[in-house]
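Colleague: The following comprises the amino acid sequence and a computationally predicted model.
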Amino acid sequence: MLSTNLKYLRKQQNLTQVQLAEKLEIKRSLIGAYEEGRAEPKLATLVKMAQVFGLSVDELINPDLPNAQKAGGANRQPNVKVLSITVDNQDRENIELVPYKASAGYLNGYADPEFMEELPKFRLPMIQAPGTYRAFEIKGDSMLPIPSGTVIVGRYVERWQDVKDGTPCIVVSLQEGIVFKRIYQQKQETLRLHSDNPSYEPYEVGFEDIVELWEAKAYISTTFPMAEISLDKLTALVLDLQQEMKKIKSK
């Protein structure tokens, strides 16, 4: 139960009730109440607890957490597995859109049903594969040729280690917020994030900082790409330009 697990985890990390309360931004008396089973934390506090201890909410409320941790070992991957979703009048999951302006709020409200209910929602009939999907508006030029303002539709990833290297993903992390990158697995419990724009250097994010991972499955953009010029056409243009330059010089 949560009261036992919370006390166990706090002692595992050598935290006092005061120190844990500061990390959770709540009163110390609440920690005592939670550990004694006299009160239950709100969902937002529960999610923050899971993040502090590097667990999913499911694992945090596991009735036999000490034994589960011993069995799982120290190198298990701490994925957050609880999602707040919305459904339409036919009980089908919506695709919630997280506009760029709502990115900061999403880090605090991704597990809050009320926050999710306020986001714009839509469906894409062409996406038939099972799973939970969410859409994020991206900003910046780090993933060119996909332009700033594009909406990336991603499928929620429960097991990060199953994602192949080089897969484009939306990464939601405490360190960087919401970013769109290609991810590569690292041995030291980190993901290495790469931009398609070579002007940006790769960097690493630790598993403990990652809140969610969404594998990119589609994108929506109001900017149309420029038509590519074939090598033959480019050669012809260069020859025409050279001919024009010769004519100008001969005059």
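Modeller: Okay, I see it. Source: prediction; values computed, not measured.
Colleague: What average pLDDT does the helix ranked longest in the chain get?
Modeller: Longest helix in the chain, counting residues (DSSP state H): helix 231-250. What helix 231-250 shows for mean pLDDT is 79.
Colleague: Mind listing what's buried along it?
Modeller: Residues of helix 231-250 classed as buried by neighbour count (16 or more other Cβ atoms under 10 Å): none. In short, each C-beta sits where N, CA and C put it, glycine included.
Colleague: What is the distance between it and the centre of its chain?
Modeller: Relative to its chain's centre, helix 231-250 lies at 50 Å (Cα atoms, centre = their mean, to the nearest Å).
Colleague: Any idea how far apart the tips of stretch 127-146 sit?
Modeller: 20 Å (Cα to Cα, to the nearest Å).
Colleague: Show me where the stretch 101-250 of the chain has its strands.
Modeller: Ranges of strands within the stretch 101-250 of the chain are 121-122, 133-137, 151-156, 167-173, 177-185, 190-194, 203-206, 210-220, based on DSSP state E, counting those that start in this stretch.
Colleague: Mean pLDDT, distance to D240 and mean neighbour count for these - can I get that in a markdown table?
Modeller: Formatted as a markdown table, these follow (pLDDT from 0 to 100; distance: least, Cβ to Cβ, whole Å; neighbours: other Cβ atoms under 10 Å):
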| stretch | mean pLDDT | distance to D240 | mean neighbour count |
| --- | --- | --- | --- |
| strand 121-122 | 94 | 47 | 14 |
| strand 133-137 | 97 | 42 | 22 |
| strand 151-156 | 96 | 40 | 21 |
| strand 167-173 | 95 | 38 | 21 |
| strand 177-185 | 95 | 39 | 20 |
| strand 190-194 | 93 | 39 | 19 |
| strand 203-206 | 92 | 45 | 16 |
| strand 210-220 | 94 | 36 | 19 |
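Colleague: Give me the nearest residue to Y133, chain neighbours excluded.
Modeller: In this structure, Y133 finds its nearest non-sequential neighbour in I95, 4.7 Å apart by Cβ to Cβ, 6 or more residues apart in numbering.
Colleague: Quick check: phi and psi on that neighbour?
Modeller: phi -100, psi 110 (degrees, to the nearest 10).
Colleague: re earlier: as a markdown table, the strands of the stretch 101-250 of the chain with distance to A236 would be great.
Modeller: Listed next are those as a markdown table, based on distance: least, Cβ to Cβ, whole Å:
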| stretch | distance to A236 |
| --- | --- |
| strand 121-122 | 44 |
| strand 133-137 | 40 |
| strand 151-156 | 37 |
| strand 167-173 | 35 |
| strand 177-185 | 35 |
| strand 190-194 | 36 |
| strand 203-206 | 43 |
| strand 210-220 | 33 |
